[in-house]
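In: fold the following and give me the result.
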Amino acid sequence: MSKLYFFDIDGTLIDCTRGIFEIEDGVVKILDQLKSQSDDVFLATGRCKCFIVDGVMKYPFSGYVTCNGAYVEYQGKTIYKKLVSTEALKATHDICVERDMAYYFESNNYIYVLNKNNPKHLEFKEKWGMKDEVIVDDFDINNIETYIGMIVINSKEDEEPMRNALSPYFNIQRHRNEYSFDLTIKGESKAKGIKELVKGLNKDMKDTIAFGDGRNDIEMLEEVELGIAMGNSMVEAKQAAKYITNDIDDDGIMKALQYFSLIQR
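Out: Numbers count the residues shown, from 1 in each chain. Down below sits the predicted model:
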């Protein structure tokens, strides 16, 4: 029976904080081998499609579970999507205007921000490889379709007011940087997106394998048949996984697949 493989991006396939912006050749060969075995390989990421860096997007994945599961597609066809409500957009906009914070609301083609010139935004987009041409700060909040948000606060004093304002709408997941967070729509997760994809393909969750490292990977690692945490994972991801492999820069993906005899040595 063919398998369905799901790979997180940041900290799993690449690591922008370590200057790894492209899937390394050895991992590309592994993905090719999986596909040659009639397996499907997918991205499972918090990023939207237009936020996926070129060094990842150029690989021909079978499909995408993006925006922490709120947008899913297979071979160019939309399988599932869930929109951020206008009420949630307005609440985020208001708290960010009030406290001079940066937000991002992501669609497939554009990322909507409060202010392109905000220093926090400029720092964030440079660090994570966000392309200038997809960033929009002149838009009608009542007339956009987005699937996930992010927010960057200025200091620890901003966190409690931010959570109070936005927790009715979002699961708020801290990034490795203590000042930035995913705003995932309530009820959505990579795990849910994967289940929607599996259902749409008439497959079985028993055939699912996933690699991840972050807090937004926890549900995915718990839900799939084999959840593998990278050696560089956050503690919570390691606790959720069935197996912990090596770091991203120590052949973690290859060694896990070899350990479970899923690829040839």
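
In: okay, CA-based contacts and neighbour counts for the rest of this
Out: Will do.

In: show me the contacts for residue 223.
Out: By Cα atoms under 8 Å, 6 or more residues apart in numbering, the residues touching residue 223 are residue 191.

In: least confident secondary structure element in the chain?
Out: Lowest on mean pLDDT, DSSP states H and E among the helices and strands of the chain sits helix 119-128, with a mean of 89.

In: using PDB, write out every CA atom in it.
Out: Extracted as PDB, the C-alpha positions of helix 119-128 are listed here (Å, rounded to 0.1, in the frame of the first residue of the first chain):
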ATOM      1  CA  PRO A 119      10.200  48.000  11.300                       C
ATOM      2  CA  LYS A 120       9.000  44.800  12.900                       C
ATOM      3  CA  HIS A 121       7.400  43.800   9.600                       C
ATOM      4  CA  LEU A 122      10.600  44.600   7.700                       C
ATOM      5  CA  GLU A 123      12.700  42.500  10.100                       C
ATOM      6  CA  PHE A 124      10.200  39.600  10.000                       C
ATOM      7  CA  LYS A 125       9.800  39.400   6.200                       C
ATOM      8  CA  GLU A 126      13.600  39.500   5.700                       C
ATOM      9  CA  LYS A 127      14.200  36.700   8.200                       C
ATOM     10  CA  TRP A 128      11.600  34.400   6.800                       C
END
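
In: now do the buried residues in that helix.
Out: 120, 121, 128 (16 or more other Cα atoms under 10 Å).

In: next one: stretch 154-171
Out: 158, 159, 162, 165, 166, 169, 170, 171.

In: looks like the first one contacts residue 102 (just checking).
Out: Put plainly, it is residue 158. No - counting by Cα atoms under 8 Å, residue 158 stays clear of residue 102, with 11.7 Å between them.

In: show me where this protein has its strands.
Out: Secondary structure of the chain (DSSP state E): strands at 4-7, 40-44, 63-66, 71-74, 77-81, 102-106, 111-113, 135-136, 148-152, 170-174, 180-185, 208-212, 226-229, 243-244.

In: which one of the ones you listed lies nearest to residue 54?
Out: strand 40-44 (13.5 Å; Cα to Cα).

In: for that closest one, what does the pLDDT average out to?
Out: Across strand 40-44, the average pLDDT comes to 98.

In: listing partners with orientation, what would you give for it?
Out: Strand 40-44 pairs in its sheet with strand 4-7 (parallel), strand 63-66 (parallel), by DSSP bridges.

In: buried deepest among these, which one?
Out: Of all the strands paired with strand 40-44, strand 63-66 carries the top mean neighbour count, a mean of 28, counting by mean count of other Cα atoms under 10 Å.

In: list the contacts of stretch 47-59.
Out: Contacts of stretch 47-59 with the rest of the structure, by Cα under 8 Å, 6+ apart, involve 9, 13-14, 21-23, 28, 66-68, 106-111, 129-131, 134, 148.

In: just the buried members of these?
Out: 9, 13-14, 21-23, 66-68, 106-108, 110-111, 130-131, 148.

In: from these, which land in helices?
Out: Assigned to helices by DSSP state H, none of the buried ones among the contacts of stretch 47-59 qualify.

In: show me what contacts residue 27?
Out: Per Cα under 8 Å, 6+ apart, neighbours of residue 27: 13, 253, 254.

In: mind checking how far the closest residue to the first one other than its chain neighbours is from residue 52?
Out: Using Cα to Cα, 6 or more residues apart in numbering and skipping residues adjacent in sequence, the residue nearest residue 13 is residue 23, 5.8 Å away. Here the criterion is Cα to Cα, to the nearest Å. By it, residue 23 lies 12 Å from residue 52.

In: ok, back up a step: need the strands of the chain in TSV with distance to residue 90, can you?
Out: Formatted as TSV, the strands of the chain follow (distance: least, Cα to Cα, whole Å):
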stretch	distance to residue 90
strand 4-7	32
strand 40-44	27
strand 63-66	23
strand 71-74	21
strand 77-81	20
strand 102-106	11
strand 111-113	12
strand 135-136	16
strand 148-152	12
strand 170-174	13
strand 180-185	13
strand 208-212	32
strand 226-229	36
strand 243-244	40
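
In: state the number of residues packed around the spatially closest residue to residue 237 that is not a sequence neighbour.
Out: Of all residues beyond its chain neighbours, the one nearest residue 237 is residue 218 (5.2 Å), with distances taken as Cα to Cα, 6+ apart. Using other Cα atoms under 10 Å, residue 218 has 23 neighbouring residues.
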